[in-house]
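A.B. asks: Just to be clear, the model below is a prediction. Sequence and coordinates:
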Amino acid sequence: MVPSTSSRVNQLLMLQILLAGFVFCGNILVWPTEGSHWLNTQIIIEELINRNHNVTVLISTGAAYINPNNKFYSENYEIYKVPYEKKDLLSTIDDFVKLWLYEKPNMNFFQFYQRLNQLVTQINMMIKENCNSVLKSPDLMAKLKSNQYNVLLSDPVTMCGELIAVTLDIPFIYTLRFTPASAAERHCGQLPSVPSFTPAFLSELTDKMSFSERQKNIVSYLVQDFIFFSLWGEWDSYYSDILEGSHWLNTQIIIEELINRNHNVTVLISTGAAYINPNNKFYSENYEIYKVPYEKKDLLSIIDDFVKLWLYEKPNMNFLQFYQRLNQLVTQINMMIKENCNSVLKSPDLMAKLKSNQYNVLLSDPVTMCGELIAVTLDIPFIYTLRFTPASAAERHCGQLPSVPSFTPAFLSELTDKMSFSERLKNIVSYLVQDFIFFSLWGEWDSYYSDILDFNIGFTTRSLKGSCHFA
């Protein structure tokens, strides 16, 4: 018997249903940017809502154009307070428009960019107020976390979207309309752009330029790059403050997983800790705090010096000047770490308390020495978790990580695995200099370790006996 047409259609429909996967509606948080950027984001919001996703937009009380009372879709709004008013933001935006449309024709090149620099600085200050009002509000962050968002949609022109996403432990997606001279697109998104051929965005030039216009275009790129690195570069320390240091960020992920598996976790921190704040914890970890003779501001000052050296001073230094300055900063950090070690290992009361708690294992980042010393003194095993060291010095000499200097770029050298002959020479020298710093400064710990352990064993020797987890 031959199946009827309707029977075949039903069979085909049933097959499609069986092969179809499940599709769930998402819960999406949006960190928007004002003006034409918001227009771009609105189109995405409309499409997300048409696909039955739940969308919440984070806006400030000083928002200029984003009005929660005039919504065309079914999006939700989460409003947070800021110290500036709507009229303040509108005034700055009006100044931007006046500058571009009316004042620019009567200004020379440098007068225009000087004024632009002033306006971007004002906007930066307002964005920082937005960030503080969200990220430094425990109640708001707790509310956002409880809403269990699946992803955050952000326009990177307004900073902190990724910070909110990382703090909420959710992925984030960028949607970008533009930045002047495509600065963010080139430096963050690796967009290829040839200044002598591609006109800088907002320069009013075309791809058919005269020689003088090409020169003007190249200068436009250089000036916008200067604004990008100087004003956007100010956010480096802010991001470090919120993320509490990259090494601690790495350890936090492990702590979260351990707590999710019902382990009891205690974190040893000093009174001078820069980023680890026992009052701002998102997990159920415990904190054991010990006193040190330096203050938080002292450590922050050195970390700021590290950031300034790497981002701003390094391009103006030769190879030896840079490593000489780096050596000075590492020496200062070494002295502080030694104070940490003394405050724990040479405190009978604290060591007795730690021993009575009967810990099963110690988790340590070897960039901060003495983790293994505390473990040996408490007679418990220890595990390393390491984010990185410059030129992978600790990974190579303690963890036996294979690395060929003529082929593998030194970590933080900004080189790739496709190097010219001169870059290979520079890379080899980078390894040698970092090895010198490693053995001279980290080597100072040999006598300290011998004193604590009461027998002759060095830091690098002891490190070989720890279990390593490279992240």
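C.D. replies: Yep, that arrived. None of these values were measured; they are calculated from a predicted model.
A.B. asks: Name the nearest residue to D207, ignoring sequence neighbours.
C.D. replies: Computed as CB to CB, 6 or more residues apart in numbering, the closest residue to D207 that is not its neighbour in sequence is P199, at 6.1 Å. Heads up, the C-betas are built off the backbone N, CA and C, glycines and all.
A.B. asks: Over to I276?
C.D. replies: I276 sits nearest to I269 (CB to CB, 6+ apart), 4.9 Å away.
A.B. asks: before we move on, what SS does the one you found have?
C.D. replies: strand (DSSP: H, G, I helix; E, B strand; the rest coil).
A.B. asks: So it is in contact with P278, correct?
C.D. replies: Yes: contact criterion CB atoms under 8 Å: I269 and P278 qualify, at 6.8 Å.
A.B. asks: Can you check which residues contact both of these two?
C.D. replies: Residues within reach of I269 and of P278 at once, by CB atoms under 8 Å, 6 or more residues apart in numbering, are Y287, I289.
A.B. asks: more neighbours, those two?
C.D. replies: I269 (17 against 13; other CB atoms under 10 Å).
A.B. asks: check contacts around the residue nearest to D207.
C.D. replies: L205, T206, D207, M209, N217.
A.B. asks: Could you double-check that the last one lies in contact with F211?
C.D. replies: Spelled out, it's N217. No: N217 lies out of contact with F211 (CB under 8 Å); the separation is 10.7 Å.
A.B. asks: who has more neighbours, the two?
C.D. replies: Between N217 and F211, counting by other CB under 10 Å, N217 is the more crowded of the two (20 against 8).
A.B. asks: Now do that one against S210, distance only.
C.D. replies: In this structure, N217 and S210 are 10 Å apart, going by CB to CB, to the nearest Å.
A.B. asks: Between the contacts of P199, identify the one with the most neighbours.
C.D. replies: In these, the most neighbours by other CB under 10 Å go to N217, 20 neighbours.
A.B. asks: That residue sits in which helix or strand?
C.D. replies: In the assignment (DSSP states H and E), N217 maps to helix 211-231.
A.B. asks: Could you list the domains of this protein?
C.D. replies: Domain ranges of the chain: 27-177, 182-243, 244-470, per automatic domain parsing.
A.B. asks: Serialize those to TSV and add fields for mean pLDDT.
C.D. replies: Output for the domains of the chain, formatted as TSV (pLDDT from 0 to 100):
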stretch	mean pLDDT
domain 27-177	87
domain 182-243	76
domain 244-470	81
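A.B. asks: any idea how far the residue nearest to I276 is from A352?
C.D. replies: 19 Å.
A.B. asks: what's the answer for Q148, then?
C.D. replies: Distance of Q148 to A352, computed by CB to CB: 43 Å.
A.B. asks: swap in L415?
C.D. replies: 49 Å.
A.B. asks: now L309
C.D. replies: As for L309, its distance to A352 is 41 Å (criterion: CB to CB).
A.B. asks: now swap in K297 and tell me
C.D. replies: 31 Å.
A.B. asks: ok, now L386?
C.D. replies: Distance, L386 to A352, using CB to CB: 30 Å.
A.B. asks: Would you map the helices across the stretch 51-200 of the chain?
C.D. replies: In the stretch 51-200 of the chain, the helices defined using DSSP state H, counting those that start in this stretch lie at 86-98, 109-135, 138-146, 161-168, 183-187.
A.B. asks: Please say which of L415 and A352 ends up with more neighbours.
C.D. replies: L415 (17 against 9).
A.B. asks: what helix or strand does D305 sit in?
C.D. replies: helix 296-308.
A.B. asks: Report the buried residues of that helix.
C.D. replies: L299, L300, I302, I303, F306 (16 or more other CB atoms under 10 Å).
A.B. asks: Show the secondary-structure elements that it is packed against.
C.D. replies: On a contact count with 3 or more CB pairs under 8 Å, 6 or more residues apart in numbering; DSSP states H and E, helix 296-308 meets helix 235-243, helix 319-345.
A.B. asks: Residues in a beta bridge with the residue nearest to I276, which ones?
C.D. replies: Applying DSSP bridges to I269 gives these bridge partners: I289.
A.B. asks: State the distance from it to K296.
C.D. replies: Separation of I269 from K296 (CB to CB): 11 Å.
A.B. asks: Likewise for F439?
C.D. replies: Distance, F439 to K296, by CB to CB: 31 Å.
A.B. asks: what's the neighbour count on the nearest residue to Q224 once chain neighbours are set aside?
C.D. replies: With sequence-adjacent residues excluded and distances taken as CB to CB, 6+ apart, Q224 is closest to A181, at 3.5 Å. As a burial measure, A181 scores 25 neighbours (other CB under 10 Å).
A.B. asks: so A181 makes contact with V219?
C.D. replies: No: the criterion here is CB under 8 Å, and A181 misses it with V219 at 10.3 Å.
A.B. asks: show me where the stretch 301-450 of the chain has helices.
C.D. replies: Going by DSSP H, counting those that start in this stretch, the stretch 301-450 of the chain shows helices at 319-345, 348-356, 371-378, 393-397, 421-441, 445-453.
A.B. asks: coming back round to it: which residues touch the residue nearest to Q224?
C.D. replies: Residues near A181 by CB under 8 Å, 6+ apart: A200, F201, L202, S203, S220, Y221, V223, Q224, D225.
A.B. asks: Now with 7 Å, please.
C.D. replies: Going by CB atoms under 7 Å, 6 or more residues apart in numbering, A181 touches A200, F201, S220, Y221, Q224.
A.B. asks: How about P293?
C.D. replies: When contacts are counted by CB under 7 Å, 6+ apart, P293 touches E339.
A.B. asks: swap the cut-off to 10 Å and go again
C.D. replies: If you count contacts by CB atoms under 10 Å, 6 or more residues apart in numbering, P293 has them with S270, T271, G272, M336, E339, N342, S343.
A.B. asks: Next one: it from S301, what distance?
C.D. replies: Counting by CB to CB, the gap from P293 to S301 is 15 Å.
A.B. asks: Also T198?
C.D. replies: Noted for T198: a distance of 41 Å to S301, by CB to CB.
A.B. asks: cool, L176 as well?
C.D. replies: 34 Å.
A.B. asks: Surely D207 and S193 touch.
C.D. replies: No: taking contacts as CB atoms under 10 Å, D207 lies outside contact range of S193: 11.7 Å.
A.B. asks: on that earlier part again, now the helices of the stretch 301-450 of the chain in TSV, with distance to Y77?
C.D. replies: Below are the helices of the stretch 301-450 of the chain laid out as TSV (distance: least, CB to CB, whole Å):
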stretch	distance to Y77
helix 319-345	45
helix 348-356	49
helix 371-378	46
helix 393-397	47
helix 421-441	50
helix 445-453	54
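A.B. asks: Which one of these lies nearest to W38?
C.D. replies: helix 319-345 (42.3 Å; CB to CB).
A.B. asks: Just give the nearest non-adjacent residue to the residue nearest the centre of the chain, would you?
C.D. replies: Residue closest to the mean C-alpha point of the chain, counted by CA atoms, centre = their mean, is Y239 at 6.0 Å. For Y239, ignoring the flanking residues on the chain, the nearest one in space by CB to CB, 6+ apart is L163 at 6.4 Å.
A.B. asks: wait, the one you found sits on V134?
C.D. replies: Yes: L163 lies in contact with V134 (CB under 10 Å); the separation is 8.8 Å.
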